[in-house]
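Next input, structure requested:
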Amino acid sequence: MRKPETIERLYLDFDGFFASVMQQTYPRLRGKPVGVVPFAGTGRTVVIACSKEAKQAGCKNVMRVRDAQAKCPELILVPQEPDLYRRAHNALISEIMAVIPIDAIKSIDEITCVLDARQRRQPEQLAEQIKHRLHRYIGPYITCSIGFAANRHLAKIAGKQDKPNGVTVWHPNMMPAPLYSLPFADIPGIGSRMEKRLNRLGITTMQLLLETSPKQMRKIWNNVTGERLWYALHGYDIQSPESTRGMFGHSRVLPPESRSLPKAKEIARLLLIKAGRRLRREGFYASGFWLYMAIRDGSWSDHLSLPIVNDDKAILSALETLWARASKALPARITIYRVHVTLVDLSRADHRQMDMLLNDDSERRKWEAVTNAMDKLNSKYSQTIVSLGLWNPPKGGNVGGKISYTRIPSADDFW
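A predicted model of the protein is given here:
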């Protein structure tokens with residue numbers, strides 16, 4: 001395993017991305033505490049993202065609106081605009097690529113790059129070039145923090161040390177001293193449950209963690225992840241294993257007028273149609289479906305096995321089945337705060353086999369042809385002009401195109 005002798009990676013993290021994009025777009029929000037919420041007109045939700053001014057006043061992402069307003073009475077609440085964030089992401093990526101090739105887009109607000117020989121010698125100059133270009137061609141209100149280190153993991157940690165709008169360079173000869181003073185919460189791969197486990201084992205500081213052995217880390221994590229983390233924190237060139245697609249899903253916080261069983265079902269149906277479109281677009285079939293609902297004082301969920309399908313009729317029939325179960329299990333006047341639909345147990349389209357026992361070949365092929373025809377029409381006109389059942393998006397729209405820190409929406413998520 002190779003251990004670089006110089007910095008090789010850049011990790012860039014946009015500062016308060018969603019709120020910053022709103023400030024850049026709307027001059028009235030500039031320099032003021034901003035909280036982005038799922039939809040307008042209610043205080044019974046959470047602040048999804050907040051600006052640096054709001055954070056300075058004590059607000060945090062995913063904080064209840066009432067708590068955020070108690071911390072910052074001047075907080076300006078604005079409804080999310082996911083398509084705006086998608087377009088901003090694309091514009092920002094284009095400007096960065098004019099300076100340096102992007103190795104990987106890790107999320108809508110984080111990217112990583114591999115440095116060439118010149119860039120390794122002058123990281124601060126490279127960071128200044130990127131920041132100058134973003135300032136000039138996008139605007140001054142969307143800033144970024146950049147970390148440089150021997151590997152991606154360390155560069156990401158470094159980039160968090162001088163936010164907002166900072167630059168941190170950790171050369172290999174400096175390591176691991178900069179890590180000693182950091183809390184476990186600053187280390188990707190150490191969550192709150194793992195921190196408690198480490199504390200129970202007497203590992204209460206980063207220095208003590210770094211003094212363990214790779215095999216000890218593997219034993220603590222109960223898998224190879226712990227050992228990989230040890231090598232990453234010690235500056236080795238660790239490449240993440242290639243990820244595989246495990247599911248297609250969408251969720252939605254429901255506006256107050258849609259929190260009954262019948263109205264929540266309509267939103268779940270639209271979300272499932274969106275998930276099905278993504279499933280087909282990326283060439284997959286599903287043989288499982290999960291339905292989850294956050295309700296007053298708890299949650300309800302259930303799973304249904306499917307033949308290997310990707311057409312709208314099959315997946316909507318699955319929703320009907322699980323919703324009937326939910327209607328029997330839950331009180332008629334239950335309050336539903338969020339719905340989540342997920343297609344799971346995936347297989348590639350070119351690996352699909354028909355179910356001989358169900359003899360579903362002709363029926364499935366018929367509905368797949370119908371669904372594909374609808375997809376082509378909607379794609380041609382860049383909007384939903386045909387669907388199974390009514391297409392009536394809820395208040396705030398954004399069915400299938402909500403704020404996401406992990407998935408970058410595509411243009412067709414918004415029609």
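
Is residue 3 in contact with residue 232, as I believe?
No. Counting by Cβ atoms under 8 Å, residue 3 stays clear of residue 232, with 11.1 Å between them. C-beta here means a position set from N, CA and C on the backbone, and glycine is covered the same way.

Could I get the full set of strands for the chain?
Using DSSP state E, the strands of the chain run over residues 9-14, 34-37, 46-47, 49-50, 63-64, 76-79, 104-107, 110-114, 144-149, 167-169, 247-253, 284-295, 298-309, 336-348.

for those, which one ends up most surrounded?
Mean neighbour count, computed with mean count of other Cβ atoms under 10 Å, is highest for strand 49-50 among the strands of the chain, reaching a mean of 28.

on that earlier part again, want to try a markdown table for the strands of the chain, with distance to residue 57 and mean pLDDT as columns?
Below are the strands of the chain laid out as a markdown table (distance: least, Cβ to Cβ, whole Å; pLDDT from 0 to 100):
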| stretch | distance to residue 57 | mean pLDDT |
| --- | --- | --- |
| strand 9-14 | 20 | 96 |
| strand 34-37 | 10 | 94 |
| strand 46-47 | 12 | 90 |
| strand 49-50 | 9 | 92 |
| strand 63-64 | 11 | 92 |
| strand 76-79 | 12 | 93 |
| strand 104-107 | 25 | 90 |
| strand 110-114 | 25 | 95 |
| strand 144-149 | 20 | 97 |
| strand 167-169 | 25 | 97 |
| strand 247-253 | 24 | 87 |
| strand 284-295 | 28 | 94 |
| strand 298-309 | 32 | 92 |
| strand 336-348 | 27 | 92 |
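
The ones you listed: which one's closest to residue 176?
strand 144-149 (11.0 Å; Cβ to Cβ).

which strands and helices sit next to that closest one?
Here strand 144-149 touches strand 9-14, helix 123-137, helix 152-159, strand 167-169, going by 3 or more Cβ pairs under 8 Å, 6 or more residues apart in numbering; DSSP states H and E.

Compile those into JSON lines and extend it with columns for distance to residue 208.
Putting the helices and strands packed on strand 144-149 into JSON lines (distance: least, Cβ to Cβ, whole Å) gives the following:
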{"stretch": "strand 9-14", "distance to residue 208": "25"}
{"stretch": "helix 123-137", "distance to residue 208": "30"}
{"stretch": "helix 152-159", "distance to residue 208": "17"}
{"stretch": "strand 167-169", "distance to residue 208": "23"}
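
Any idea which of the ones you listed gets closest to residue 331?
strand 9-14 (43.7 Å).

hmm, who's touching the closest one?
Here strand 9-14 makes contact (Cβ atoms under 8 Å, 6 or more residues apart in numbering) with 20, 92, 96, 100, 109-115, 119, 123, 126-127, 130, 142-152, 154-156, 158-160, 163.

Compare neighbour counts for residue 3 and residue 232 and give me the winner.
residue 232 (23 against 12; other Cβ atoms under 10 Å).

could I get stretch 317-334 in CSV with only the CA atoms?
Below are the C-alpha coordinates for stretch 317-334, written out as CSV (Å, rounded to 0.1, in the frame of the first residue of the first chain):
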residue,chain,number,x,y,z
SER,A,317,-50.2,-2.0,-7.6
ALA,A,318,-47.6,-2.6,-4.9
LEU,A,319,-48.4,0.8,-3.4
GLU,A,320,-52.1,0.0,-3.3
THR,A,321,-51.4,-3.3,-1.5
LEU,A,322,-49.3,-1.7,1.2
TRP,A,323,-51.5,1.3,1.6
ALA,A,324,-54.5,-1.0,2.2
ARG,A,325,-52.4,-2.6,5.0
ALA,A,326,-51.6,0.8,6.4
SER,A,327,-55.2,1.9,6.4
LYS,A,328,-56.2,-1.2,8.4
ALA,A,329,-53.3,-0.8,10.9
LEU,A,330,-53.6,2.9,11.5
PRO,A,331,-56.4,5.1,12.9
ALA,A,332,-58.5,6.8,10.2
ARG,A,333,-57.6,10.2,11.5
ILE,A,334,-53.9,9.6,11.9
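
What average pLDDT does that stretch get?
Averaging pLDDT along stretch 317-334 yields 94.

That stretch: how far from the chain's middle?
28 Å (Cα atoms, centre = their mean, to the nearest Å).

cool, and stretch 25-38?
21 Å.

What of stretch 39-46?
Distance, centroid of stretch 39-46 to centroid of chain: 21 Å (Cα atoms, centre = their mean).

try stretch 288-305
The answer for stretch 288-305 is 21 Å, by Cα atoms, centre = their mean.

if we can go back for a sec, now distance to residue 214 too, for the strands of the chain, in TSV please.
Formatted as TSV, these follow (distance: least, Cβ to Cβ, whole Å):
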stretch	distance to residue 214
strand 9-14	21
strand 34-37	41
strand 46-47	39
strand 49-50	37
strand 63-64	38
strand 76-79	47
strand 104-107	25
strand 110-114	24
strand 144-149	19
strand 167-169	26
strand 247-253	32
strand 284-295	36
strand 298-309	38
strand 336-348	33
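
Looking at those strands, which is nearest to residue 87?
Closest to residue 87 of the strands of the chain is strand 9-14 (Cβ to Cβ; 14.2 Å).
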